[in-house]
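J.: A predicted structure for the sequence below; I have some questions about it.
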Amino acid sequence: MSDGLLSNIALGFSVALSFDGLLYCTIGVLLGTVVGVLPGLGTMATLAILMPITFHIDPTFAVIMLSGIYYGAAYGGSTASILLNLPGTVTSVITTLDGYPMAKNGKAGQALFITAIASFVGSFLGAVLLAVLTVPLATVAMQFGPQDYFMLMAFGLIAASMLSTGQPLKSLIMVFTGMLLGVVGLDLNSGAERFTFGSPDLFDGLSLVAIAMGLFGLPEIITAARGGPEGTVTDEKITLRSMIPSKADMKASAMPMLRGTGVGSFFGALPGTGGVIATFLSYALEKKISKTPERFGKGAIEGVASPEAANNAAVQTAFIPTMSLGIPGDAVMAIMLGVLMVHGIVPGPAVISENPSLFWGLVASFVVGNVLLVILNIPLVGLWVRLLRVPYHLLFPIMVACVCVGVYSVSNKIMDIYILLAFGLVGLGLKMLRFDGSTLLLGFVLGPMLEEHFRRAMVVTGGEFSSFIERPISAVFGFLTLAMIIWFSTTALLRLTKK
Amino acid sequence: MNTSLQSRLPDLLGAGITLALGIWVIAASADYDMGSLRDMGPGYFPRLIGLGLILLGGLLAVLTLKKPGTQFGSDRPALSSVLLISASLISFAVLIERNGLFPALFVAVLLSTFASDNRNVVRSVILSAITAGVSCVVFIYALGLSMKVFQL
């Protein structure tokens, strides 16, 4: 086993350290850092906008690059949090709580340094967990029946809506709307057209690219067109010397980093939950166990170290259910799966054994990418600080060009451009009504799988629901799903009656 | 406007749209064969989704009437930006197959630059030409997409 692991790791590094592997990994983490640093340019928007470009390169390198953007943004997001009090990404909101006060106390350099180290520790350990856990999990998943898949996905969707940043009920509505959009096209079992309005362009279903770009890319472009992000950058020069934290600070942040990694790894791997929750919980945990909780919010180094480690660990472990079960835990993972599917790779437990160089190359690229990121974020941090001053209107044309060409190039269908536009307007409406579009995307990707497994389960058992309880895995996730629904409805009811 | 209505409006609107969508789905899937639980037809799952939408939409409406919900999102975009970006995409859709990538991108980017605060026409033209040119090189020559560059 360990022999196999070693040879797999060697295989992974041979992919990740090849010329193309290094190239796409570098492009990914560079872009990710830029996106993360710039507030107002989100990870989801960037991934959605760049996804179609990766359809034209090898799937392994496509996923390596897109993942690089994802975890690079998780690194870079904290820079704007610390220097501007503006989170660059959603997952670095918590970092503003203590990171910005640290910068105001003249410890900006040290905050950035600790952040980079915490991110590295979280990412690295997350990647190790990914390497160790995914294969055994995939082996177990080979035994999964349709009932188990169904319950696992239902759990993921419910968890994603209950724990999303928006209101649970509204997120659940988004899940259902997403599943409805997933129905569009020819029914695989019967060949019947569903919601195609007779248009042959819709026989293959709605394009994931058009929906993702429309919901996340266009609204961001439109709202950011005016003004863009605001805020003044501290003029304080951040030298390498000013970044080295004191021994006491290093010691004070070592355990929080490890605890953060633990919290992040757990919530990252659980379908439906993810980085945002992990950062909130790890911050709360540090505050709770601290002997001096009153320092939190005033520049406590633990309050920076732990959530950053959690965030980055969650990013890595999010790949565990995606790669082993073929079940994406969040909208970003849904995009990763979408990319693999476009390349003809069917997500599921067989992916790793059929494409070992894809999975191990990806894992190895995480390690390579994280080393690159430490280099990018510690000696080169001054560059990113300057980037915060780049006028937004110069980025704008590039984004528009990528959106236009990207959505059209997927299958050279003009219809997709109009679908993109329609979803862009829907996305704006959702933003105004405060509905969370990422759960819609999750529903869109998982919906067809959910239907397929449900149908299969009903065929196998002859319409008996009892098999959902008789199979242990399905029963456990069914129970968890039910418990979550009851918990959230009772707390909502209590809040309603208490006023 | 009445403040109690205003604070309920976004969620009521959301609930209304959800209910309407659910009812429409059930009506539209009446044409699809439902099959039975044991052997589900193409109409089974859509009906379930429609039912779910109606239930959730109704629940949202009831909850919002009991207790006001969320306010409208604060970052409301300017209408002119929305129209310009829409025009930009439509122009790309119209031009790409007829005239090729360069003119399509040039027009699309040019239109979009006016969605920002920028009113400098010369700079917009230069920016659009550069973006369109670089995109042609990247997408057609480097990434090998099969699209024509220019045709009158």
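T.: Received, thanks.

J.: Spell out which parts of the stretch 101-250 of chain A neighbour chain B.
T.: Residues of the stretch 101-250 of chain A found near chain B (C-beta under 8 Å from any C-beta of the partner chain) are A:167, A:169-170, A:172-173, A:176-177, A:179-180, A:183, A:187, A:189-190, A:192, A:194-195, A:218-219, A:221-223, A:225-227. Just so you know, the C-beta spots here come from the backbone N, C-alpha and C atoms, and that holds for glycine as well.

J.: Only whichever of these are buried, select them in PyMOL.
T.: A single PyMOL command selects the buried members of those (16 or more other C-beta atoms under 10 Å in any protein chain shown):
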select buried, chain A and resi 167+169+170+172+173+176+177+179+180+183+187+189+194+195+218+219+221+222+223+225
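
J.: who's in contact with residue 61?
T.: Since you didn't name a chain, this refers to chain A. A:20, A:21, A:23, A:24, A:54 (C-beta atoms under 8 Å, 6 or more residues apart in numbering or on different chains).

J.: think we crossed wires, I meant chain B
T.: Counting by C-beta under 8 Å, 6+ apart, residue B:61 touches B:11, B:12, B:15, B:16, B:19.

J.: buried ones in the strand or helix carrying the third one?
T.: The secondary structure element spanning residue B:15 is helix B:3-28 (assigned by DSSP states H and E). Judged by neighbour count using 16+ other C-beta under 10 Å, the buried positions of helix B:3-28 are B:7-12, B:14-15, B:17-19, B:21-22, B:25-26.

J.: and if you look at stretch A:47-58?
T.: Neighbour count says stretch A:47-58 has A:47, A:48, A:49, A:50, A:51, A:52, A:53, A:54, A:55, A:57, A:58 buried, by 16+ other C-beta under 10 Å.

J.: Just give the closest residue to the last one, not the sequence neighbours.
T.: Put plainly, it is residue A:58. residue A:20 (7.2 Å; C-beta to C-beta, 6 or more residues apart in numbering or on different chains).

J.: now the first one
T.: In this structure, residue A:47 finds its nearest non-sequential neighbour in residue A:335, 5.3 Å apart by C-beta to C-beta, 6+ apart.

J.: again, but for residue B:101
T.: Residue B:101 sits nearest to residue B:147 (C-beta to C-beta, 6+ apart), 4.9 Å away.

J.: quick one: residue A:38 from residue A:76, how far?
T.: In this view, residue A:38 and residue A:76 are 8 Å apart by C-beta to C-beta, to the nearest Å.

J.: Ok, residue A:247 next?
T.: Applying C-beta to C-beta, the value for residue A:247 to residue A:76 is 27 Å.

J.: more crowded one of the two?
T.: residue A:76 (31 against 8; other C-beta atoms under 10 Å in any protein chain shown).

J.: on that earlier part again, in strands only, show me the residues of the stretch 101-250 of chain A next to chain B.
T.: Counting by DSSP state E, those place residue A:194 in strands.

J.: Mark which of the residues of the stretch 101-250 of chain A next to chain B are part of helices, please.
T.: Among those, the members falling in helices (DSSP state H) are A:169-170, A:172-173, A:176-177, A:179-180, A:183, A:218-219, A:221-223, A:225.

J.: State the pair within those that is farthest apart.
T.: Checking these against each other with C-beta to C-beta, the farthest-apart pair comes out as A:183 and A:225, at 33.8 Å.

J.: Can you get me a residue count around the closest residue to residue A:313 other than its chain neighbours?
T.: Computed as C-beta to C-beta, 6+ apart, the closest residue to residue A:313 that is not its neighbour in sequence is residue A:264, at 3.3 Å. Residue A:264 has 35 neighbours, counted by other C-beta under 10 Å.

J.: State the mean pLDDT of the helix or strand hosting residue A:264.
T.: Using DSSP H and E, residue A:264 maps to helix A:247-269. Helix A:247-269 shows a mean pLDDT of 90.

J.: what angle do the following helix or strand past that helix and helix A:247-269 make?
T.: Using DSSP H and E, the helix or strand that follows helix A:247-269 towards the C-terminus is helix A:275-289. Between helix A:275-289 and helix A:247-269, the angle comes out at 130 degrees (axes from the mean of the first three to the mean of the last three C-alpha atoms, to 10 degrees).

J.: Report all helices and strands that the helix or strand just after helix A:275-289 contacts.
T.: On the C-terminal side of helix A:275-289, the closest following helix or strand by DSSP H and E is helix A:302-317. Helices and strands touching helix A:302-317, by 3 or more C-beta pairs under 8 Å, 6 or more residues apart in numbering or on different chains; DSSP states H and E, are helix A:59-84, helix A:93-104, helix A:108-141, helix A:247-269, helix A:275-289.

J.: Also compute the angle for helix A:302-317 relative to helix A:247-269, please.
T.: 40 degrees.

J.: can you dump the C-alpha coordinates of helix A:302-317 into CSV?
T.: Extracted in CSV, the C-alpha atoms of helix A:302-317 (Å, rounded to 0.1, in the frame of the first residue of the first chain):
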residue,chain,number,x,y,z
GLU,A,302,-4.5,33.7,16.6
GLY,A,303,-7.5,35.3,15.0
VAL,A,304,-5.6,35.6,11.7
ALA,A,305,-3.7,32.3,11.8
SER,A,306,-6.5,29.9,12.6
PRO,A,307,-9.1,31.0,10.0
GLU,A,308,-6.5,31.3,7.3
ALA,A,309,-5.3,27.8,7.9
ALA,A,310,-8.9,26.6,8.0
ASN,A,311,-9.8,28.3,4.8
ASN,A,312,-6.9,26.8,2.9
ALA,A,313,-7.3,23.4,4.3
ALA,A,314,-10.9,23.4,3.3
VAL,A,315,-10.0,24.3,-0.2
GLN,A,316,-7.9,21.2,-0.5
THR,A,317,-10.1,18.7,1.2
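
J.: What part of chain A, helix or strand, is modelled with the least confidence?
T.: Sorting the helices and strands of chain A by mean pLDDT, DSSP states H and E puts helix A:240-243 at the bottom, at a mean of 73.

J.: just the buried residues of helix B:3-28 that are near chain A?
T.: Restricting the buried residues of helix B:3-28 to those adjacent to chain A (criterion: C-beta under 8 Å from any C-beta) gives B:10, B:11, B:14, B:18, B:21, B:25.

J.: so where's chain B uncertain?
T.: B:1-6, B:68-75, B:117-118, B:152 (pLDDT under 70).

J.: Now do the domain split for chain B, please.
T.: B:3-66, B:79-142 (automatic domain parsing).

J.: Poorly predicted segments of chain A, please.
T.: Ranges of chain A meeting pLDDT under 70: A:1-3, A:39-40, A:88, A:165, A:225-240, A:389-393, A:498-499.

J.: In it, which residue is most central in space?
T.: Averaging the C-alpha coordinates of chain A gives a centre point, and the residue nearest to it by C-alpha atoms, centre = their mean is residue A:332 (4.1 Å).

J.: residues contacting the residue nearest to residue A:313?
T.: Contacts of residue A:264 by C-beta under 8 Å, 6+ apart are A:122, A:126, A:275, A:278-279, A:282, A:309-314, A:317.

J.: which residue packs closest to residue A:97, ignoring adjacent ones?
T.: Residue A:97's closest residue in space is residue A:297 (C-beta to C-beta, 6+ apart), at 5.5 Å.

J.: pretty sure that neighbour is touching residue A:286, no?
T.: No. Using C-beta atoms under 8 Å, residue A:297 makes no contact with residue A:286, being 11.7 Å away.

J.: could you pull out the helices for chain B?
T.: B:3-28, B:44-66, B:79-99, B:101-113, B:121-136.
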